[in-house]
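>>> Okay, sequence plus prediction incoming.
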Amino acid sequence: GEDVEQSLFLSVREGDSSVINCTYTDSSSTYLYWYKQEPGAGLQLLTYIFSNMDMKQDQRLTVLLNKKDKHLSLRIADTQTGDSAIYFCAEKTGGFKTIFGAGTRLFVKA
Amino acid sequence: SQTIHQWPATLVQPVGSPLSLECTVEGTSNPNLYWYRQAAGRGLQLLFYSVGIGQISSEVPQNLSASRPQDRQFILSSKKLLLSDSGFYLCAWSAVRTLYGYTFGSGTRLTVV
């Protein structure tokens, strides 16, 4: 079935790079997404990547996609305290649905 | 620009009471609309989605129902709340012919006591 998995916690020091990893199961995924959720708020779309791309860079964010291994990662360069949040990986399957992972809580230590 | 409004932000309701959460979208027509529930430490569970007025698809059997009385209005309801209905409820919309992700509302924290 369709499933998206990601680790639940990541802790980094301010100024370091953060790498959040995600694996998915549906090989027919068309788009893959990263969302950010700050405390008590809804999800905000951070970036997305088409399934025919390997990498996408957007300022401090770098998304890497390994289709063979069904692995997606989000790298945040120069991580700041304001980056502390829950990050959700999601895939849009060949059907109608978008499947979300459980979210990775990023802690940034000053 | 498109905006999505969801209310109330927090709600405390007794077991057995009814529920009505409302979500409206502005600045777009014929959006796809979604209700998700987020339980602590878990991912987002899709509850309902709608591709048009009066068209509701349910993803999981539950104590909740949804309605779409107008193009940009999506309502989540229950006749009698259970303790297990507690959670963070999120409304979202997406354009019909795009795969560029969802726009989420700010969420409603529901606590059933």
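That came in fine, so what should we check first? What you see is a predicted model; the values in this text were computed from it and never measured. Residues are numbered from 1 along each chain as shown, chains lettered A, B, ... in the order given.
>>> What is the helix or strand encompassing B:Leu90 packed up against?
Secondary structure from DSSP states H and E places B:Leu90 in strand B:87-94. If you count contacts as 3 or more Cβ pairs under 8 Å, 6 or more residues apart in numbering or on different chains; DSSP states H and E, strand B:87-94 packs onto strand B:3-7, strand B:19-26, strand B:32-38, strand B:73-78, strand B:103-104, strand B:108-112. Backbone N, C-alpha and C define where each C-beta goes, glycine included.
>>> Could you name the helices and strands sitting against the first one?
Other elements packing on strand B:3-7 under the criterion 3+ Cβ pairs under 8 Å, 6+ apart are strand B:19-26, strand B:87-94.
>>> Paired strands for the helix or strand that that strand is followed by, with orientation please.
Later in the chain than strand B:3-7, the nearest helix or strand by DSSP H and E is strand B:10-13. When pairing is defined by DSSP bridges, strand B:10-13 lines up against strand B:108-112 (parallel).
>>> Between strand B:87-94 and the partner strand, find me the angle.
150 degrees (axes from the mean of the first three to the mean of the last three Cα atoms, to 10 degrees).
>>> quick one: buried residues of strand B:108-112?
B:Thr108, B:Leu110, B:Val112 (16 or more other Cβ atoms under 10 Å in any protein chain shown).
>>> Quick check, the second one in contact with B:Leu19.
Yes. Taking Cβ atoms under 8 Å as the definition, B:Leu110 is a contact partner of B:Leu19 at 7.3 Å.
>>> between those two, what contacts are shared?
Taking Cβ atoms under 8 Å, 6 or more residues apart in numbering or on different chains as the contact rule, B:Leu110 and B:Leu19 both touch B:Leu11, B:Gln13, B:Asp85.
>>> Next, format those as CSV and append pLDDT, distance to A:Thr81 and neighbour count.
Below are those laid out as CSV (pLDDT from 0 to 100; distance: Cβ to Cβ, whole Å; neighbours: other Cβ atoms under 10 Å in any protein chain shown):
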residue, pLDDT, distance to A:Thr81, neighbour count
B:Leu11, 96, 31, 17
B:Gln13, 97, 35, 16
B:Asp85, 93, 35, 19
